[in-house]
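Trainee: Fold the following and give me the result.
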Amino acid sequence: MRKTAAPTATTRPTGPEPPGGLRSLLRGLPVLAGSAPEFDPSRAPNDPVELFTEWLLHAVDSGVAEPHAMTLSTVATVPTAGSRPSARVLILKDVDAAGWHFAISSASRKGAELDRNPTVALTFYWPALGRQVRVEGIAQADPPQVTADDFLTRSEDARAMVLTGRQSEPYSDPAEISEALDKARLELAQSPTLVPLEWASYAVRADTVEFWQADPTRRHRRLRYERDATGWSPTLLWP
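Mentor: Predicted coordinates for the structure are as follows:
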């Protein structure tokens, strides 16, 4: 009986491979396929919050899935590698004169990173519309009542998960999660208005906001707002 060599760490996985390889497949995928709305930067409002709200509502009206989803990027301090970016997708809770609002558990990894360095970036991307918005600034704590209202309007499942107090911790058995959730739901039943101390709501006070409108010919329209001593200064950017 013929013997075969045992697979090594460098053995390629079996299964079908795209003709030409993955690089070829990715290059063949369509890009900028969305239907871009009209956008004339010369007619943009003076305040980026106003323009962002306009774009967000247009995304909602256009049926974009989860238009309030955004990537929150923070700076993580790794003992062996210094500082490096860390990103995850969250939900925008509101946008107003105070900034772009989101809420998290301060006991989570992102909560610890914000505690060390509140400088953040937010990225919104609506591919169906060929639009993205980038927000950079400082995350500042919301007033306690805003934080409490945010938590109490979350679903029961979402509140129970926060009450476990173990986000980002490792676990070995799914039963651990079930047991912790049962305990948290009992706690909610006994105290419906309970707001855990680790729940935190933030507003990102932006110093830079960039609006990006795609163009199939790559003549993308980019408008960047920068905060100065008197308000906001808009600047057109090359694609």
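
Trainee: now W199, which residues is it bridged with?
Mentor: Beta-bridge partners for W199, by DSSP bridges, are S105.

Trainee: Please report how far it lies from H101.
Mentor: Distance of W199 to H101, computed by Cβ to Cβ, to the nearest Å: 13 Å. Using the backbone N, CA and C atoms, a C-beta is placed for each residue, glycine as well.

Trainee: Now do the shared contacts for these two.
Mentor: Jointly contacting W199 and H101 under the rule Cβ atoms under 8 Å, 6 or more residues apart in numbering are D150.

Trainee: So the two - more neighbours on which side?
Mentor: Between W199 and H101, counted using other Cβ atoms under 10 Å, W199 has the larger neighbour count: 21 against 18.

Trainee: Would you map the helices across the chain?
Mentor: Ranges of helices within the chain are 21-28, 48-61, 109-116, 144-152, 156-163, 174-190, based on DSSP state H.

Trainee: Of all these, which one is nearest R227?
Mentor: When the helices of the chain are ranked by proximity to R227, the top entry is helix 48-61, at 9.0 Å, counting by Cβ to Cβ.

Trainee: Against which helices or strands is that closest one packed?
Mentor: The elements that helix 48-61 packs onto, with contact taken as 3 or more Cβ pairs under 8 Å, 6 or more residues apart in numbering; DSSP states H and E, are strand 94-96, strand 119-126, strand 131-141, strand 199-213.

Trainee: contacts for the second one?
Mentor: In other words, strand 119-126. Contact with strand 119-126 is made by 34, 55-56, 59, 64, 67, 69-75, 92, 100, 114, 131-139, 204, as judged by Cβ under 8 Å, 6+ apart.

Trainee: hmm, back to that, please name whichever of the helices and strands packed on helix 48-61 is nearest to S108.
Mentor: For S108, the closest of the helices and strands packed on helix 48-61 is strand 199-213, at 9.6 Å, according to Cβ to Cβ.

Trainee: Could you give the average pLDDT over that closest one?
Mentor: Average pLDDT, strand 199-213: 97.
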